[in-house]
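Novice: let me see the structure of the following:
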Amino acid sequence: MLIDIKGQILIPISDKNQLLQCLITLENIFKTNGRLNATFKESVKSKPVIYIEHMSRDTLGVGRSHLGWMNFQDNKVFQDIDENPINFTFIREIFSLQEYRDILMQDGEYEAPRVVVTSMVSFEYGFSRSLLKEFLARPKNEIVFLQLPTDSKSIGYKLLVEGEREVVLH
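Specialist: Here you go, the predicted structure:
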């Protein structure tokens with residue numbers, strides 16, 4: 001479990017719909033899992049899930065304003081939702097690597113368990129590529145793919161599909 005390994009989990013997602021679904025699911029997990037909830041609920045400054053992307057606030061804003069299109073009533077997972085599911089308690093949206101590093105330094109816990117969700121499953125550029133370097137430096141960290149990278153020459157494809165254990169980042 002995330003708390004036991006004291007590592008971080010990186011989830012790269014390129015599709016915005018899947019990204020919103022992932023964030024809502026993570027929020028639900030942290031709200032309903034007693035151990036996770038007890039561990040992180042009291043921590044006001046430190047949210048265990050970080051969503052980092054240049055357009056993170058815009059993506060969540062669009063999601064919040066288009067709930068009618070998301071058809072939550074037909075999805076069994078979201079049948080009991082009475083309020084906007086994108087008003088997160090356990091997720092912090094940020095839009096720069098400096099803000100990410102500031103959060104880690106502010107919390108004083110570079111090793112604190114966290115889930116980091118970002119875009120670009122290919123790892124070819126953007127935050128996912130920058131974060132990949134940091135995640136690979138810590139053996140306790142994990143990468144979770146929720147979608148298949150489409151470019152067969154990408155780092156994400158080589159890691160997930162071809163099973164490469166070492167990648168060269170320039």
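
Novice: okay, buried residues for the one helix or strand residue 131 maps to please.
Specialist: Using DSSP states H and E, residue 131 sits within helix 126-136. Of the residues in helix 126-136, 126-132, 134-135 count as buried by neighbour count, 16 or more other Cβ atoms under 10 Å. (C-beta placed from N, C-alpha, C; glycine too.)

Novice: who does the helix or strand just after that helix touch, helix- and strand-wise?
Specialist: For helix 126-136, the following helix or strand on the C-terminal side (DSSP H and E) is strand 142-143. When contacts are defined as 3 or more Cβ pairs under 8 Å, 6 or more residues apart in numbering; DSSP states H and E, strand 142-143 packs onto strand 8-12.

Novice: list the buried residues in the strand it packs on.
Specialist: For strand 8-12, the neighbour count (16+ other Cβ under 10 Å) marks 8-12 as buried.

Novice: distance between that strand and the chain's centre?
Specialist: 6 Å (Cα atoms, centre = their mean, to the nearest Å).

Novice: direction included, what does it pair up with?
Specialist: strand 114-118 (parallel), strand 142-143 (parallel) (DSSP bridges).

Novice: just name the most buried of those strands.
Specialist: Burial of the strands paired with strand 8-12 is given as mean neighbour count (mean count of other Cβ atoms under 10 Å); strand 114-118 ranks first at a mean of 24.

Novice: on that earlier part again, ok, and what's touching the helix holding residue 131?
Specialist: The contact list for helix 126-136 (Cβ atoms under 8 Å, 6 or more residues apart in numbering) reads 8, 10, 12, 52-54, 97, 100, 116, 118-123, 141, 143, 155-156, 167, 169.

Novice: now list the buried members of those residues.
Specialist: In these, burial by neighbour count holds for 8, 10, 12, 52-53, 100, 116, 118-123, 141, 143, 155-156, counting by 16+ other Cβ under 10 Å.
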